[in-house]
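> Give me a model of this one.
(one chain, ligands or ions: 1)
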Amino acid sequence: MSPPSLIDTHPNLSDAAPVALSYELFPPRSPAAAETLWTTIRELETTEPDYVSVTYGASGSNRDTAVQLINRLLLETTLRPLAHLTCVGNTPEELAGIIGQLLDTGVRGILALRGDRPQDGAPPVAGSLRYAQDLIELIRRVEQRRSALLCAGKIAVGVAAYPTRHPESPSEDHDVEVLLAKQRSGADFAITQVYFRAEQYADLLTRARRAGVTIPIIPGVMPFTSLRRVKRLGELSGVEPAPELVARLASADSDLERLRIGVSATVDLANAALDAGAPGIHLYTFNEHQSALDVLDKLALPRRSRTGSRREAVARPQLAS
Ligand code: FAD
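Alright, predicted model coming up:
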């Protein structure tokens, strides 16, 4: 019998792995929206997330506000930003410039995305990148050129994953092949598109692991507290909301009842993902904190504060359960 390896006997590694917590924010579109967003940011900061992701308009439509928000997060908060970056409609030269700008502000994590193609059916810009996979490879090339500046460290590169078929993809199996290709090109982790049924995340995890995908696949969970938003996001992402959830939200007697139904459905979905082996939860906040915090209160994620102690639940009005 071979002696136990250092890894087997290392005391810290026998503990259950900590569960990651992260939020998605988008750059504000007006001064009033910026004010609301900063209230949200301060509230979310109290929960000590591992990172907050900042979306990016396809073709760089909101590039300046995205970079400004990231810069301010780095300068004025304890939060670690994960910068979304899309490649559709941009040449490698333009994208290398943006990646350099992000690294100069202190960003060390990028979510590499293709972005949605323009709705008007315009042909792709000559020389622009085609797929997220191309962007990952470009990020790794920029990283190599700057390895001394990064102290030879790495940029954490995330990618999108799809529990339900991507609207342009021929099949869910093809989506997993694409995820595997993104891993081979240098992706470190994936965050999923919004989904509505517990089995959709569990199935993705099973199919991805079977195909050889080993990177963490973090479920992207949307608080189902607004019927309008559930429907809108379904349209935008091409993911059909679960009809029974829509019916329950629509028939709620009051806003408070709708909130209770939405939070409870979200917590069930997140708990099912954790049971299936999710390494963390990424909450789509829509720049509002209350629903995210309500979900978090009921989730009781096994997490530790930065001082090493178990976190105290933040006292706030509880929803009736
Ligand atoms: P890709 O991985 O490039 O896939 C796009 C399509 O091409 C898929 O159908 C895929 O099957 C196919 N494909 C990919 N590679 C190949 C290949 N080598 N050969 C053949 N076919 C291939 N959009 C934004 O504009 N801004 C954001 O900030 C943003 N954030 C997001 C965050 C998350 C967590 C998620 C899940 C999505 C986000 N999106 C965002 C939406 C995303 O840009 C769209 O879903 C887009 O349509 C696809 O992006 P992708 O990175 O998955 O592209």
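> tell me the contacts of the nearest residue to residue 249 once chain neighbours are set aside?
Setting aside the residues directly before and after it, residue 249 is nearest to residue 227 in space (C-beta to C-beta, 6 or more residues apart in numbering), at 4.3 Å. No exception for glycine: its C-beta is placed from N, CA and C like everyone else's. Counting by C-beta atoms under 8 Å, 6 or more residues apart in numbering, residue 227 touches 246, 249, 250, 258.
> Then residue 150?
Residues near residue 150 by C-beta under 8 Å, 6+ apart: 103, 108, 143.
> try residue 237
Residue 237 neighbours (C-beta under 8 Å, 6+ apart): 193, 194.
> Just the ones of the contacts of residue 150 in strands?
Per DSSP state E, strands hold no members of the contacts of residue 150.
> Next, residue 22: secondary structure please.
Judged by DSSP: H, G, I helix; E, B strand; the rest coil, the three-state class of residue 22 is strand.
> burial of the nearest residue to residue 103 once chain neighbours are set aside, as a residue count?
Spatially, and ignoring its direct neighbours in sequence, residue 103 is nearest to residue 146 (6.4 Å; C-beta to C-beta, 6+ apart). As a burial measure, residue 146 scores 16 neighbours (other C-beta atoms under 10 Å).
> circling back to that earlier point, output the contacts of residue 227 in TSV; the columns should cover neighbour count and distance to the ligand.
Formatted as TSV, the contacts of residue 227 follow (neighbours: other C-beta atoms under 10 Å; distance: C-beta to the nearest ligand atom, whole Å):
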residue	neighbour count	distance to the ligand
246	17	21
249	22	23
250	11	26
258	19	26
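> export those residues to CSV and tack on secondary structure and pLDDT?
Shown next, in CSV, are those (DSSP: H, G, I helix; E, B strand; the rest coil; pLDDT from 0 to 100):
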residue, secondary structure, pLDDT
246, helix, 96
249, helix, 97
250, helix, 96
258, helix, 96
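> Stretch 122-134 and the ligand in contact?
Yes: using C-beta under 6 Å from any ligand atom, stretch 122-134 reaches the ligand at 131, 132, 133.
> Going by distance to residue 38, which of these wins?
Nearest to residue 38 among these is residue 132, at 30.3 Å by C-beta to C-beta.
> okay, the closest one: pLDDT?
Residue 132 is assigned 98 on the pLDDT scale.
> Now for it: which residues touch it?
Residue 132 touches 87, 112, 113, 114, 159, 160, 182, counting by C-beta under 8 Å, 6+ apart.
> Pipe the residues you listed into a markdown table and attach neighbour count and secondary structure per row.
Formatted as a markdown table, these follow (neighbours: other C-beta atoms under 10 Å; DSSP: H, G, I helix; E, B strand; the rest coil):
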| residue | neighbour count | secondary structure |
| --- | --- | --- |
| 87 | 28 | coil |
| 112 | 31 | strand |
| 113 | 21 | strand |
| 114 | 21 | coil |
| 159 | 27 | strand |
| 160 | 21 | strand |
| 182 | 25 | helix |
